[in-house]
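J.: make a model of this:
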Amino acid sequence: MFFLVSGILIGVLMCLLLAGLVFHLADGRSLWDTKEQFRCLFEDAPIAYHEIDREGIVRRVNRAECGLLGMEVSEILGRYVWESAAPEERAISHQVVLQKLAGERPLVPTQRTYLHKDGTPLTLEIHENLIRDRRGSIVGIRSAMLDVTERKRIQRELQRHAEQMRQKNEELAAALATAQEATQLKSQFLANMSHEIRTPMNGVLGMSELLLSTRLETEQREYAEGVRRSAEDLLRLLNDILDFSKIEAGKLELECTAFDPARTVAEVVCALAPQAQSKGLELTRFRGPALPEAVRGDPCRLRQVLMNLVGNALKFTARGRVVVRAELASENAGTVTVRFSVQDTGIGIPAERRSRLFESFVQGDGSTTRKYGGTGLGLAISKQLAELMGGQIGLESEAGRGSLFWFTAVFQREVVKPLAESTSAPVILADTKRQGPQHRILLAEDNPVNQRIALRILQKAGYQAEAVSNGREALEVLAKTPYDLVLMDVQMPEMDGLEATAEIRRREGPCRHTPIVAMTANAMAGDREKCLAAGMDDYISKPVRAQELAEIIRRWADCQQRTSPDFSPTTYCGAR
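T.: Numbering: from 1, shown residues only. Reported below is the predicted structural model:
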């Protein structure tokens, strides 16, 4: 664009010079007057001009060029034109000028470095026209020169900045790749640690439950209960860390199912009532009169926040009461906002510590960890979950006078009838008189302790259960004997559970479908989806409780196998 504008400007000036010459000739003035006028136009032009002859010697130069180079006319005339170029460019300039004078090189705008008289380098843009005699022979070149030194400096500066930006972008990209790799390694580490911790945890909880189901002396039962409670505390800590990592990675997603928020509060209060009773505390719940009986949202995550807040209230309250409230905060055509609060008469929180209480790994003070335990993640997770549910979280407290923790959550309206209240009676693992011998269950589990626990639970319930140690053995057994349910571990030697499941589905084809349930220590985000994608029907994470196993068996083993050609996994009872 600059070349175009410069060319147009120089062309206009040259046309003015020629037009002046033609005008004066037409006006009848003398040739001498015309030459004088042309000389004046050439000399006074604002753009640097010079003319060279066939030898490349400067024969004419104007004031603008003299001023540009800082020289007198006498210092330029009679010299070869390339002598004004920078030393490193004189040889190429000499060659190019001679080629142009010989008609061997086209005249195009070029840029060349010249030297000012004081030695300062100048970048000049040169536009040229050939001078011909009456016969059309080339007798010289007329050149116009524009000073583009500043423009080139700006261009170099821009290029330098662009190069710096490119390098910075490359550094940022490398840093991002490193961070992503570190995040991936951290996620993989957490997944591996979760699996490795859950596997022995399953053994501790399973064995303690089996032990508690036997005849024990009072002291023995007390010890076994202590083992079970300690294992459950460890499991809660593990789940907090995993939830925190999921939230950090943005991989925690909320479900959307119909539920009664007041019922969820009641479940939490009932679950924590023994803890309150053991401390002599009054634990009560209050339901606001306008609270809807049915909404759509994630009752599990709501329960998790309530368990954190109510559990903390009981932990930090030595005497008095804890009150849990659920009240309607606001509503519109499609959603309702519910406010939950937990008020206690505990130790309270000093004002200077409240602002950071919802940050990760932060507790009331250094002594809190020593006296009460915990990771400091519960409130941070609760804050993130409340915000994921479209709400906020906060507190009001006074040291020594108790605390009031509250949070809001936004739920969708539910137009169906309120959900029926479930019974509080424990789930019966199996009715052995009616159905124990009817169902055969195959367990694929490589850990001997966990294998023994699961088999014992199943056998005590009256089910006919056998165990294998890996996926390949499971394929061999299923090829000979049909089973009503397969409990499949995922990480096993020789052939893992995912590969074994895919092969089972391939062998069965469309006419048979053996229910397969993942029973695994893999509990990270996406593990359930991987199991279902491999062809499994359900998923249960370790540690496995007897009651959870009962629900799985009720959902799947009690369903009759279909053998019709149009069978699909979603056509039998319990499928989801």
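
J.: could you tell me how many residues sit around Leu115?
T.: 17 (other C-beta atoms under 10 Å). Quick note: C-beta positions are derived from backbone N, CA and C, even for glycine.

J.: what about it, distance to Cys66?
T.: Separation of Leu115 from Cys66 (C-beta to C-beta, to the nearest Å): 14 Å.

J.: part of a strand, is Met519?
T.: Yes - counting by DSSP: H, G, I helix; E, B strand; the rest coil, Met519 falls inside a strand.

J.: quick check: it touching Asp489?
T.: Yes - Met519 is within contact range of Asp489, at 6.2 Å (criterion: C-beta atoms under 8 Å).

J.: pull up the overlap in contacts between the two.
T.: Residues within reach of Met519 and of Asp489 at once, by C-beta atoms under 8 Å, 6 or more residues apart in numbering, are Glu445.

J.: next SSE downstream of the helix or strand bottoming out on mean pLDDT in the chain?
T.: When the helices and strands of the chain are compared on mean pLDDT, DSSP states H and E, helix 432-435 comes out lowest with a mean of 41. Next along the chain after helix 432-435, taking DSSP states H and E as the criterion, comes strand 440-444.

J.: so how far is that following strand off the chain centroid?
T.: Chain-centre distance of strand 440-444: 39 Å, with C-alpha atoms, centre = their mean, to the nearest Å.

J.: can you name the next helix or strand after that strand?
T.: Defined by DSSP H and E, the subsequent element after strand 440-444 is helix 448-460.

J.: which strands and helices lie in contact with that following helix?
T.: Secondary-structure packing of helix 448-460 (3 or more C-beta pairs under 8 Å, 6 or more residues apart in numbering; DSSP states H and E): helix 149-212, strand 440-444, strand 464-468, helix 546-556.

J.: in the third one, what counts as buried?
T.: So the one you mean is strand 464-468. Of the residues in strand 464-468, those with enough neighbours to count as buried (16 or more other C-beta atoms under 10 Å) are Ala465, Ala467, Val468.

J.: and the angle for the helix or strand just after it with strand 440-444?
T.: Using DSSP H and E, the helix or strand that directly follows strand 464-468 along the chain is helix 471-480. With axes from the mean of the first three to the mean of the last three C-alpha atoms, to 10 degrees defining the directions, helix 471-480 sits at 160 degrees from strand 440-444.

J.: what's the closest of the buried residues of strand 464-468 to Thr335?
T.: Among those, Ala465 lies closest to Thr335 (C-beta to C-beta), at 47.0 Å.

J.: ok, now which ones touch the closest residue to the closest one other than its chain neighbours?
T.: Distances taken as C-beta to C-beta, 6 or more residues apart in numbering place Leu458 nearest to Ala465, at 4.0 Å, with adjacent residues excluded. The contact partners of Leu458, by C-beta under 8 Å, 6+ apart, come to Ile441, Leu443, Ala465, Leu549.

J.: save those as JSON lines, and put in pLDDT and distance to Leu205 too.
T.: Listed next are those as JSON lines, based on pLDDT from 0 to 100; distance: C-beta to C-beta, whole Å:
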{"residue": "Ile441", "pLDDT": "90", "distance to Leu205": "20"}
{"residue": "Leu443", "pLDDT": "92", "distance to Leu205": "17"}
{"residue": "Ala465", "pLDDT": "88", "distance to Leu205": "19"}
{"residue": "Leu549", "pLDDT": "82", "distance to Leu205": "12"}
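
J.: so Thr123 sits right up against Gln111, yeah?
T.: Yes - checked against C-beta under 8 Å, the pair Thr123 and Gln111 is within contact range at 6.0 Å.

J.: give me the common contacts of the two.
T.: Contacts common to Thr123 and Gln111, judged by C-beta under 8 Å, 6+ apart, are Val148, Lys152.

J.: more neighbours: these two, which one.
T.: Neighbour totals were compared for Thr123 and Gln111, and Thr123 leads with 18 against 13 (other C-beta under 10 Å).

J.: now the helix or strand that one falls within, how far from the chain's geometric center?
T.: Per DSSP H and E, Thr123 falls inside strand 121-132. Strand 121-132 has its C-alpha centroid displaced from the chain centroid by 57 Å (C-alpha atoms, centre = their mean).

J.: buried residues of that strand, list them for me.
T.: Neighbour-count burial for strand 121-132 [16+ other C-beta under 10 Å]: Leu122, Thr123, Leu124, Glu125, Ile126, His127, Glu128, Ile131.

J.: output the helix or strand just after it as PDB, restricted to C-alpha atoms.
T.: Under the assignment DSSP H and E, the closest C-terminal helix or strand after strand 121-132 is strand 138-147. Provided in PDB are the C-alpha atoms of strand 138-147 (Å, rounded to 0.1, in the frame of the first residue of the first chain):
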ATOM      1  CA  ILE A 138      18.300   4.900 -22.600                       C
ATOM      2  CA  VAL A 139      20.500   7.800 -21.600                       C
ATOM      3  CA  GLY A 140      19.900   7.800 -17.900                       C
ATOM      4  CA  ILE A 141      17.600   7.400 -14.900                       C
ATOM      5  CA  ARG A 142      15.600   9.900 -13.000                       C
ATOM      6  CA  SER A 143      15.000   8.800  -9.300                       C
ATOM      7  CA  ALA A 144      12.800  10.000  -6.500                       C
ATOM      8  CA  MET A 145      13.700   9.000  -3.000                       C
ATOM      9  CA  LEU A 146      11.500   8.800   0.100                       C
ATOM     10  CA  ASP A 147      12.800   8.600   3.700                       C
END
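
J.: flag every buried residue along strand 138-147.
T.: Here strand 138-147 shows Gly140, Ile141, Arg142, Ser143, Ala144, Met145, Leu146, Asp147 as buried, counting by 16+ other C-beta under 10 Å.

J.: cool, thanks, signing off.
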